[in-house]
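>>> this one's structure only:
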Ligand code: ADP
């Protein structure tokens, strides 16, 4: 019993530890996605809109030219290669560029054009003849803030006199000298130091627009929530507030509603259509060993283009890669233990087809966007506190069936997780068939 106790306590510690790491991982995953993104993600997602006054007219714009933008901003958009608004931009832009300013909560998956939308909103609200902060944008990490700064710079490249300040760690400001930049982009901690503490370099008083990006990642980070709420309290009454998030779970909604008054809410629901192109199977395996054997059987029998194997923990992922490597199977481990740049390099190799098999854990792989993946294996099912994590399941599996290509997803389940699989099948209304991983005919 002593040994058993020791074991459970170390498991408990580990899971806390893993949790802490996963919080950082969600910010990292978001950053990776941005670093690697080459195009807009457009699918048949449905737009869902919620407004205070459902009778007020709702506009949708099919062209940037219809938005009354300053000429130099249109030029900026063209320079970036944007020809028409993305789906979320079609509905969000007319609302947020309108007068009087409309507050907004927008939720859609990464890559749908949120950053571009709020960058455009900030740039069109500011007056570059005035030398004080008029737009403030906060992101969860220094790297994400830097990415936004790059976008705003590019989009504003034709605007004369445009200046952008980075309120990020390490950027020390002399005391009592007020910022003259029109746009400030940073992280909550530093922005708070600059605006609310004694340093007093960033005045919130004349802000016209306040943007909170990646609210879902933000609330994972301790303290960020409170700081954001305090910053919002310091905003002038008529300051426009926009909040963006990739997910819309309860804590995000609660946080969003605390920060944004009378918002219009736009949600782009990821279509579950992706699943219709994917054949889903399950294999009964009771241990790591049987899972491993099923895996090698499957790869021995199937012609696989590229594949991703998802494990629930970093340890399993690592063990699996060690085994595969020992057996001479080329594969790479994409794990939260790697630095962000190493992870970006690994994903890049995968995208270029130099690596065929990727072994990874949940959060890290969120950003992967590869067209040639035709097999996804859930070495472990995605769980969230012992409940099925449908969103992650869709994220993982959705990788294979992109743009109508067909793909196969195979789930390894044991006695303890069989009921989870049933729930997943029920949730998506798609059968998940049993597969005998030793039967070559069935596998073919
Ligand atoms: P999100 O913030 O939702 O993750 P981004 O705004 O970063 O999405 O956009 C995703 C990718 O699509 C970026 O590479 C961006 O440059 C590009 N993009 C955004 N809006 C458009 C558009 N209207 N036309 C073409 N590309 C766009």
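Arrived safely. Source: prediction; values computed, not measured.
>>> for the ligand, what's its nearest residue on the stretch 251-400 of the chain.
Evaluated by CB to the nearest ligand atom, the stretch 251-400 of the chain has residue 268 as its residue closest to the ligand, separated by 9.2 Å. C-beta here means a position set from N, CA and C on the backbone, and glycine is covered the same way.
>>> residue contacts, that residue?
By CB atoms under 8 Å, 6 or more residues apart in numbering, residue 268 lies in contact with 45, 46, 47, 48, 87, 88, 107, 108, 109, 112.
>>> hang on, it in a helix?
No - Residue 268 is assigned strand when assessed by DSSP: H, G, I helix; E, B strand; the rest coil, not a helix.
>>> separation between it and residue 175?
Separation of residue 268 from residue 175 (CB to CB, to the nearest Å) stands at 44 Å.
>>> do the same with residue 393
For residue 393, the distance to residue 175 equals 51 Å [CB to CB].
>>> so between those two, which is more surrounded?
Under the neighbour definition other CB atoms under 10 Å, residue 393 and residue 175 were set side by side, and residue 393 has more, 25 against 9.
>>> which SSE is residue 236 in?
For residue 236, there is no enclosing helix or strand under DSSP states H and E.
>>> typed the wrong thing, it's residue 254
Secondary structure assigned from DSSP H and E places residue 254 in helix 250-259.
>>> equivalent analysis for residue 153, please.
helix 142-155.
>>> now do the same for stretch 335-352: mean pLDDT, whole number.
Confidence for stretch 335-352, expressed as mean pLDDT, is 83.
>>> pull out the buried residues from that stretch.
Of the residues in stretch 335-352, those with enough neighbours to count as buried (16 or more other CB atoms under 10 Å) are 335, 336, 340, 343, 344, 346, 347, 350, 351.
>>> what number of residues lie near the closest residue to residue 406 other than its chain neighbours?
When the adjacent residues along the chain are set aside, residue 406 lies closest to residue 277, with 5.1 Å between them (CB to CB, 6 or more residues apart in numbering). Taking other CB under 10 Å as the neighbour definition, residue 277 ends up with a count of 15.
>>> for residue 266, see how far away residue 277 is.
Using CB to CB, one obtains 27 Å as the distance from residue 277 to residue 266.
>>> and if you look at residue 384?
When residue 384 is compared with residue 266 (using CB to CB), they lie 25 Å apart.
>>> and these two? which has more neighbours close in?
residue 266 (23 against 12).
>>> wait, doesn't the more buried one sit right on residue 103?
No - proximity of residue 266 to residue 103 does not meet the contact threshold set by CB atoms under 8 Å, at 11.6 Å.
>>> what residues are up against residue 97?
By CB under 8 Å, 6+ apart, the contact set of residue 97 is 67, 68, 69, 120, 121, 124.
>>> which of those residues fall in helices?
Taking DSSP state H as the definition of helices, those contribute 120, 121, 124.
>>> now do the same contact list for the first one.
The contact partners of residue 120, taken as CB under 8 Å, 6+ apart, are 69, 73, 77, 93, 97, 155.
>>> please read off the pLDDT at the last one from the model.
The model reports residue 155 with a pLDDT of 98.
>>> show me what contacts it?
If you count contacts by CB under 8 Å, 6+ apart, residue 155 has them with 73, 76, 77, 80, 116, 119, 120, 123.
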